[in-house]
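Trainee: no letters, just coordinates:
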């Protein structure tokens, strides 16, 4: 039973680390998306003001804006996928935690029963003499 608890603790630790990694990756993806959105905003701002709004610079700027929009859409899709992964890993970590807790509870119960049985057995073997 003790080995089973140790195994479940290892499984729980791995799932917890995988969940932490998924959450970290999700945060990194969100930062990347935010940078893309900020670059997109700046490009739009540059396109609407000054010399970049006309001629060849305008065409290059428009291509860059479209590329940024594609990158933002790809980032959004990746964030959605990573969010699902993080939730799945969190669920697995919680299930592993509950399984470990369940086995630990059974182990404690077995130990308590064994200790109680030993106590009863000792008390039956060594009856106290009464002086009445």
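Mentor: Yep, it's here. Fair warning: this is a prediction, and the values are worked out from it, not measured in the lab.
Trainee: residues in contact with the most centrally placed residue in the chain?
Mentor: By Cα atoms, centre = their mean, the chain has its centre lying nearest to residue 19, at 2.5 Å. Counting by Cβ atoms under 8 Å, 6 or more residues apart in numbering, residue 19 makes contact with 86, 89, 90, 92, 93. Where C-beta positions appear, they are placed from N, C-alpha and C, glycine not excepted.
Trainee: ditto for residue 32
Mentor: Neighbours of residue 32 in contact, by Cβ under 8 Å, 6+ apart: residue 75.
Trainee: so, low pLDDT: which residues of this structure?
Mentor: 51-53, 129-132 (pLDDT under 70).
Trainee: would you map the helices across it?
Mentor: Ranges of helices within the chain are 2-48, 55-125, based on DSSP state H.
Trainee: coming back round to it: what's the distance between the residue nearest to the centre of the chain and residue 30?
Mentor: Remark: distance between residue 19 and residue 30 (Cβ to Cβ, to the nearest Å) = 17 Å.
Trainee: and if you look at residue 73?
Mentor: Going from residue 73 to residue 30 by Cβ to Cβ gives 15 Å.
Trainee: ditto for residue 119
Mentor: Residue 119 is 58 Å from residue 30, by Cβ to Cβ.
Trainee: who's more crowded, those two?
Mentor: Shown here are residue 119 and residue 30; by other Cβ atoms under 10 Å, residue 30 has more neighbours (14 against 10).
Trainee: so what's that one closest to, chain neighbours aside?
Mentor: residue 79 (6.4 Å; Cβ to Cβ, 6 or more residues apart in numbering).
Trainee: the one you found: what's it in contact with?
Mentor: 26, 29, 30, 33.
Trainee: just the buried ones from these?
Mentor: Among these, those buried by neighbour count (16 or more other Cβ atoms under 10 Å) are 26, 29, 33.
Trainee: out of these, flag the one nearest to residue 127.
Mentor: Proximity of these to residue 127 (Cβ to Cβ) peaks at residue 26, which lies at 66.8 Å.
Trainee: so who does that closest one touch?
Mentor: Taking Cβ under 8 Å, 6+ apart, one finds 79, 82, 83, 86 in contact with residue 26.
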